[in-house]
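Enquirer: Pasted the sequence and its predicted model underneath.
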Amino acid sequence: MSDSVLFELHPTAQGHQIAVATLNAEKSLNALTLPMIRRLAPQLQAWADDPAVVCVLLQGAGEKAFCAGGDVVTLHQAIRAGDFASTDAFFREEYALDYAIHTYPKPVLLWGHGIVMGGGLGLLVGASHRVVTERSRIAMPEITIGLYPDVGGSWFLSRLPGRLGIYLGLTGASFNAADALFTGLADYVLPNSARSGLLAALAGLAWQGDGEADKRVLSAHLREQSRTTAPELAPSAIRAHYDAIQSLTDYDTIAEMVAAITAYRGADDWLRAGAQKLAAGSPTSMRLVVEAQRRAKHLSLKEVFAMELTLSGQCCRHPDFAEGVRALLVDKDGAPNWSPATLAEVNDAYLAEFFRPLA
């Protein structure tokens, strides 16, 4: 797996270096594995400590995806084998990587082209400069596999306007570049064709060798590029449906909220897709989505990652996560046997088990 993440250094005109990390698992849509995380995390730290490096570019190999999420099939295998040491290590090290990107002392330009889902969005959101393209397709679809929006999702979704985070978490709704800009989950949109000239452009910027100053240098460049070369985008479904989303989630109980969203029978494809995905999702995940975001509103980012580490560890030790991955990605029968089977059965005592620290 030594080539699962590729590293390069490119000189700038003033003698600094641009560091490039490329997720290199194109066949799996650059899904994150533990070996990939263990290559990327120490290299990012080395670049943070290297005064010659002024900027990090993080991208995915190929034209289909930046990163489709974590390698949940391998996690499924570990759960079935009772190897919770491996699953705990994956989530612990993935979240540490995400937190390191959120708090990185130098500019991190993340090129979020194609599929950016789950763990891929966790990487994108933490970067200081988040670029999406005309073909970005973004989602936190964990409801379909018996998990919940992790990788800091409890933190960043709970901080979206209104109750957008609750809706996106419950429905796993897919959204585009215009949506990402509207919600603040991305900063700039550029045509993917601009990637071929990106390194040459970065090499010519007037880097200062100071993290905060260099973030401003990069911001100015990307701002200008986005104003002059931005591609034509499909409209933002989230913006168009903002009022409807607020209405569908304006209830005192999760049961009422789920009933309202899944009852949609209108002609709008986006709302209908969300209703269908929620209706087929894990009842336990439904409660985890709402409760995790409720708690995250009062926590720091570091505290949220600690909470999510507990939640994800417990998801590995409860039935729905492994069952959801089996149904969607292993046996691919599309017929998960959720346990508990109904939202009414996911009582407060059962929910509390997921927030209980691991022994």
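Expert: Okay, I see it. Residues are numbered from 1 along each chain as shown.
Enquirer: Grab the most central residue of the protein for me.
Expert: Taking CA atoms, centre = their mean, the centroid of the chain lies closest to Leu121, which sits 2.2 Å from it.
Enquirer: So what touches stretch 324-340?
Expert: For stretch 324-340, the external contacting residues (CB atoms under 8 Å, 6 or more residues apart in numbering) are 72-73, 75-76, 144-147, 282-285, 319-320, 323, 346, 350. Placement of C-beta: from N, CA and C, glycine included.
Enquirer: Of these, keep whichever come out buried.
Expert: 72-73, 75-76, 144-147, 282-285, 319-320, 323, 346 (16 or more other CB atoms under 10 Å).
Enquirer: Need the max-distance pair from those.
Expert: Farthest pair in those (CB to CB) is Val73 and Val346. Separation: 25.5 Å.
Enquirer: okay, and for the stretch 151-300 of the chain, where does confidence drop off?
Expert: The stretch 151-300 of the chain contains no residues with pLDDT under 70.
Enquirer: Would you map the strands across the stretch 151-300 of the chain?
Expert: 188-189 (DSSP state E, counting those that start in this stretch).
Enquirer: in the stretch 51-200 of the chain, which spans are helices?
Expert: Secondary structure of the stretch 51-200 of the chain by DSSP state H, counting those that start in this stretch: the helices cover 72-80, 84-102, 119-126, 153-158, 164-171, 177-183, 198-203.
Enquirer: wait, which of those helices is closest to Ala48?
Expert: helix 84-102 (8.1 Å).
Enquirer: just checking, what packs against that closest one?
Expert: In terms of contacts (3 or more CB pairs under 8 Å, 6 or more residues apart in numbering; DSSP states H and E), helix 84-102 is packed against helix 34-49, helix 72-80, helix 119-126, helix 301-317.
Enquirer: Quick check: Ala65 touching Gly119?
Expert: No: Ala65 sits out of contact with Gly119 when judged by CB atoms under 8 Å, with a separation of 11.6 Å.
Enquirer: Surely Gln246 and Leu160 touch.
Expert: No: at 11.6 Å, Gln246 does not count as touching Leu160 under the criterion of CB under 8 Å.
Enquirer: if you count what's nearby, which of the two comes out ahead?
Expert: Taking neighbours as other CB atoms under 10 Å, Gln246 and Leu160 compare with Leu160 leading, 19 against 14.
Enquirer: Skipping its backbone neighbours, what lies nearest that one in space?
Expert: In space, and not counting its chain neighbours, Leu160 is closest to Thr183: 5.4 Å by CB to CB, 6 or more residues apart in numbering.
Enquirer: now stretch 176-184, how far from the centre of its chain.
Expert: Relative to its parent chain, stretch 176-184 has a centroid offset of 14 Å by CA atoms, centre = their mean, to the nearest Å.
Enquirer: And it, what's buried?
Expert: Residues of stretch 176-184 classed as buried: 176-183 (neighbour count, 16+ other CB under 10 Å).
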